[in-house]
Each structure stands twice: as C-alpha cells, then as structure tokens.
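Chemist: Here's a sequence, model it:
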Amino acid sequence: MGYNASPSQPQQQSFQTLKLSELLGYVKGVLNNAIGGFYWITAEVSNISQSAHNGHVYFDLVETQNGIKKAFVRGNLWSGRASQVLPRFYQVTGGSITFGMELMMLVKVDMHLQYGLSLTIYDINPEYTLGHLERLRQETINRLKADGVWDLNRQQYLPTLVQRVAVITSATAAGWGDFQKQISQNIVGKLLKITLFSSMMQGDGTTASIANSLSNIAENLEDFDAVVIIRGGGSKMDLSAFDDYLLCSLIANFPLPIITGIGHEKDLSVADMVAHTPQKTPTAVADFLLRRLELVITQLLNAESRLQLILSQSVEKSIQKQDYLSQRSRVVLGQIEKRSLLQLSDFGHTLEKELTLRLRLETERVNSTQVHLRHVLELHSSKSLQGLQVINYFSQRLASWLRNFPHKLLETLDQYERIADLHSPQSIMKRGFLPVMKDGAPLYSVDSLKISDTIKVLLLDGEITTNIQSIEKKDDE
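Modeler: Next up, the predicted model:
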C-alpha cells in the first residue's frame, strides 16, 4: 500500500526537496547573519575534557535554576586560544577550571554541519570566577547564620586533655606529613592517639569525601575527643570547597569540637569560621594539641604533690582523733566510777548510743573520703604512668588504713561495753557490794543512822528489811 499524505499537508510535487546538508547550511547562514558577532555569556561547566592529540578543550555548558537544567550547549576552546586563555586563568585564580565552576566567556555561535550547534570560546574572564566564588562564600555565611548553626560547633566542649584525635586529610598530602613530624618531635606526642580518615581535600568530590569521613567518625563518637581537618596551602580556587555550604553545615552541626588547619595565612575559609578552633596550618594544629597535653601533664604532676599532702594530713588527723578518743574514754571512765550505781546503767546505754553514732559517722566520712580519693586516683591514673605508680602506692596505704580503722573503732566499742558491763549494778552486787536504802534513798554513811531505824538491803533476787540494833563507826585512817 502506498503512502497517502493527509489533505492538510502540501502535495509532494508542490515544493523542492532539500538535502540535510543544504538545510543545515541554510540554518548556518541564517545564524551567521543574525548573530554572527561575539557575546559575553555566563554558564556552568558540567563537563570538560582536553584532547591529548591536538590540545583542543571541549566543554559541556549548562544553565540551571533550582536544580533544573534550563539550557545546554557544547563549547570548543581551540588549542591556539587555549594555550593563551588557560595559563592566564590559572595565573589569576591559582587553579584550573573544574566541574561545577561558573565561567564568564567570550563566545561566538557556530553551526557545524556534522556536529551541530556549538559555541566557539575565545576568552574566559578569571576575575568573574573569583568574584563568583566570593559571592558563593558570602551566600554560605548568610545561609548558615539564617539556619541558626553559625556558633553551634564552638559551643561544643573541648576537654583540657585532647588525647584521642580523628584527623581528616589526604594520606599523601604534605600537610599530613608536617602534622606527623611536629607530633613525633615532641616527647609528649607519644601520648596522643591519632586516627587518620583519608579524604579528598581538593576538587569537586571534596565535600562528599569529607562528609563520608565525618559520618564514619560520628558512628564512634565515644572513641574521640576532637576532630582535626587539615590540608596544605593553596589558592582560593583550591580552597573553594571549604566555603561550600553543605560541608560547612556538617562542620557546624558536628557533635564533637572540630579544629581546622587548612593552611592559608591571609583569609579564613567559612569552614574555619564555623569550626570550634581554627589554626593557620597543620603544624599549628599539632602545636595546639601538644601545648594542651603539656598543660595537663604539668597539672597532673602538681596534683600528685597535692595528693601526697592530703594523704599526710589525713593520716595526721586520724592519729589526732585516735588520741582524742583515747583521752575522751579515760574521762568517761572516770566519770562512770564517780557516779551512783543507780545512774550507771543509764550511762552505759547513753555511752553505747554515742559510740555507735560516732562510729557510724566516722565510717560514713571514711567511706566518703575513700570514694573521693579513689575517684581522684582513677582520674589521674589515666593521664600519666608516673602519676599512676605514685597514686597506686598511696591508695594501697590508705585502703589498708581504712580497712583497719573501723575494726579498731569496733574493738574500742567492745572494750567500752565490757567496762560498762563490769560497772553495772548486777556485776557489782555479784562481787558482794549490796545497795543499802533508807526511806528510799541510798546510804553512804553511818552518820545518817540511829538505833531502831529500818533499812533495806537490795539483793539480786529480792530485798531484806531489818532494824538497826547497833552502830559502829570506823575511824578515818
């Protein structure tokens, strides 16, 4: 069956058929006549490659809005122009053209019969690129402040002893070597526990690589005291990744304090601004960690001396308290001997309560002191091997004394109880000393008696009532 054109289409014999090359040649002519001049345009580089054969540089140029591609075209920078444009771009910006970079280019529209529409690039404005980077930098700062995260990482607690450090950098970078060298040259550097998380530190993949390292660290937060991000120096182009909003937002929100040493002396990157502690170089970061470690060691040695003084004073106070208790016991025993037999039992109960209360209070104080000193010893034992040995020695001495002290107090209480029992009315009466009463009052002298008076003699199992028949008073010797 043959092809039949619809009634609305022109009949084939009513117009001349063109070849594709003729139509495209016509389009090329129209374009040359309409827009044959030079134009400055801005576009983002989505891909770039250079021919190893002829030196031509090929670009994929796009314009996006809210992540949606609005326009696309190929761009060609021929080798003759590339040999002039690219070195000047590098000289001004300090870096090469990479993916995602926005450029201002002098172009001319070209229509090739085989390759279609493209732009021929004659020049690239490096000052625009620098200005664009600065605009992006300021946008990052404004967004972080608007998000309310600008000061978050600086609010993280940085301990005085920063010993377990996660380092994010390139394993082959000179900055990593400088950092390690500075640490190894200081004897206290051996106390640092450093874990490397190797990452890209330049180029389009920097943010994703560092973000991955931060994610790995976040899975083991309890293993680290702080995070260090370091790299060597570079141009604004090289360091532009550290002005990236996503990377800086991750740093600001990270739950550990972050110390940066990105290796530039003049301007701070946005990453430096939101980090807890920015330093100029990797070497400066190493010095910062070493100084804090030296400070802790100095404080620990001073604490050792203070601990020795505390232990000495504690022992001296314990001896003084023992002497006081001994003197107090002798006074109490003297008072017991002078008191009447009727008051002796009540005093024994009072003494028992007093000693029990004193023993409980002393035991609680000793236990509290022991817990406090053990905490101090455990804290400082993790900081210095030398401090650990000294603390262990005094801890053993203190523990021995604390174990014996309650036992000694219990022995003293038992002794007091035996004395109280010895002087109880029952014990005295068993030895033959019987209370004699007259009119309900104890008798102390024959002067208060007369013949025929009635008296009572108290026995262990009863009492005897009798009358006085004779009185004989002994002369004092």
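
Chemist: Relative to the longest strand out of those in the chain, what are the paired strands and their orientations?
Modeler: In the chain, ranked by residue count with DSSP state E as the criterion, the top strand is strand 38-50. Each strand paired with strand 38-50, and its direction, by DSSP bridges: strand 57-65 (antiparallel), strand 102-112 (antiparallel).

Chemist: could those strands go into a markdown table alongside distance to Met201?
Modeler: For glycine as for every other residue, the C-beta is placed from the backbone atoms N, C-alpha and C. Shown next, in a markdown table, are the strands paired with strand 38-50 (distance: least, CB to CB, whole Å):
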| stretch | distance to Met201 |
| --- | --- |
| strand 57-65 | 25 |
| strand 102-112 | 22 |
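
Chemist: What segments of the protein are helices?
Modeler: Per DSSP state H, the chain carries helices over the ranges 20-35, 79-93, 126-147, 174-184, 206-218, 245-253, 270-274, 282-338, 341-381, 385-422, 425-430.

Chemist: And the fourth one, what does it pack against?
Modeler: Contacting helix 174-184 under the criterion 3 or more CB pairs under 8 Å, 6 or more residues apart in numbering; DSSP states H and E are the following elements: strand 164-169, strand 226-230, helix 282-338.

Chemist: and that helix with strand 164-169, angle?
Modeler: 150 degrees (axes from the mean of the first three to the mean of the last three CA atoms, to 10 degrees).

Chemist: Just the buried residues of the longest strand of the chain, please?
Modeler: Judged by neighbour count (16 or more other CB atoms under 10 Å), strand 38-50 contains these buried residues: Ala43, Glu44, Val45, Ile48.

Chemist: Which residue, neighbours along the chain excluded, lies closest to Lys456?
Modeler: With CB to CB, 6 or more residues apart in numbering as the measure, Met437 is the residue that lies nearest to Lys456, at 4.5 Å, once sequence neighbours are left out.

Chemist: Sorry, slip of the keys, the one I care about is Thr160.
Modeler: Excluding its sequence neighbours, the residue lying closest to Thr160 (CB to CB, 6+ apart) is Val296, at 5.7 Å.

Chemist: got the contact list for the closest residue to Glu294 other than its chain neighbours?
Modeler: Among residues not flanking Glu294 along the chain, Val188 sits closest, at 5.7 Å (CB to CB, 6+ apart). Contacts were defined as CB atoms under 8 Å, 6 or more residues apart in numbering; by that measure Val188 touches Leu290, Leu293, Glu294, Ile297.

Chemist: What's the local residue count around the second one?
Modeler: Same thing as Leu293. 22 (other CB atoms under 10 Å).

Chemist: Please tell me how far the nearest residue to it once chain neighbours are set aside sits from Ala286.
Modeler: Residue nearest to Leu293 in three dimensions, not counting chain neighbours: Val188, with 5.0 Å by CB to CB, 6+ apart. Spatial separation of Val188 from Ala286 under the definition CB to CB, to the nearest Å is 11 Å.

Chemist: And Gln180, by the same measure?
Modeler: 8 Å.

Chemist: for this protein, where's the lowest mean pLDDT among helices and strands?
Modeler: For the chain, scoring each helix and strand by mean pLDDT, DSSP states H and E identifies helix 341-381 as the least confident one, at a mean of 72.

Chemist: sorry, back to before: of Gln180 and Ala286, which one has the most company?
Modeler: The neighbour count for Gln180 versus Ala286, taken as other CB under 10 Å, is higher for Ala286 (27 against 16).

Chemist: what's the pLDDT at the more buried one?
Modeler: Turning to Ala286, the model gives it a pLDDT of 93.

Chemist: which ones are touching the closest residue to Gly100 other than its chain neighbours?
Modeler: Nearest residue to Gly100 in three dimensions, chain neighbours excluded: Asp204, at 5.7 Å (CB to CB, 6+ apart). The contact partners of Asp204, taken as CB under 8 Å, 6+ apart, are Thr98, Phe99, Gly100.

Chemist: what's the spacing between the last one and Leu18?
Modeler: Remark: distance between Gly100 and Leu18 (CB to CB) = 41 Å.

Chemist: just Leu458 next, same as before
Modeler: Distance check for Leu458 against Leu18: by CB to CB, it reads 148 Å.

Chemist: Same drill for these two, tell me which one is more crowded.
Modeler: Leu458 (15 against 11).

Chemist: number of nearby residues for Leu239?
Modeler: Taking other CB under 10 Å as the criterion, the count of residues near Leu239 is 24.

Chemist: which regions of the chain sit below the pLDDT cut-off?
Modeler: Of all residues in the chain, those with pLDDT under 70 make up the ranges 1-15, 94, 233-238, 264-267, 302-313, 315, 332-348, 376-391, 476-477.

Chemist: can you list the domains in it?
Modeler: The chain breaks down into these domains under automatic domain parsing: 20-124, 150-280, 302-424, 434-467.

Chemist: Nearest to Val228 among the helices of the chain would be which one?
Modeler: Val228 lies closest, by CB to CB, to one member of these: helix 282-338, at 5.7 Å.

Chemist: need the buried residues of strand 38-50 in CSV with distance to Phe59, can you?
Modeler: Rendered in CSV, the data for the buried residues of strand 38-50 read as follows (distance: CB to CB, whole Å):
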residue, distance to Phe59
Ala43, 8
Glu44, 10
Val45, 6
Ile48, 5
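
Chemist: from the residues you listed, which is closest to Val274?
Modeler: Glu44 (25.9 Å).

Chemist: give the contact list for that closest one.
Modeler: Applying CB under 8 Å, 6+ apart, one finds that Glu44 lies in contact with Leu61, Val62, Glu63, Thr64, Gly100, Met101, Glu102, Leu103.

Chemist: Which of the residues you listed ranks first by neighbour count?
Modeler: Using other CB under 10 Å as the neighbour test, the contacts of Glu44 are led by Leu61, with 23 neighbours.
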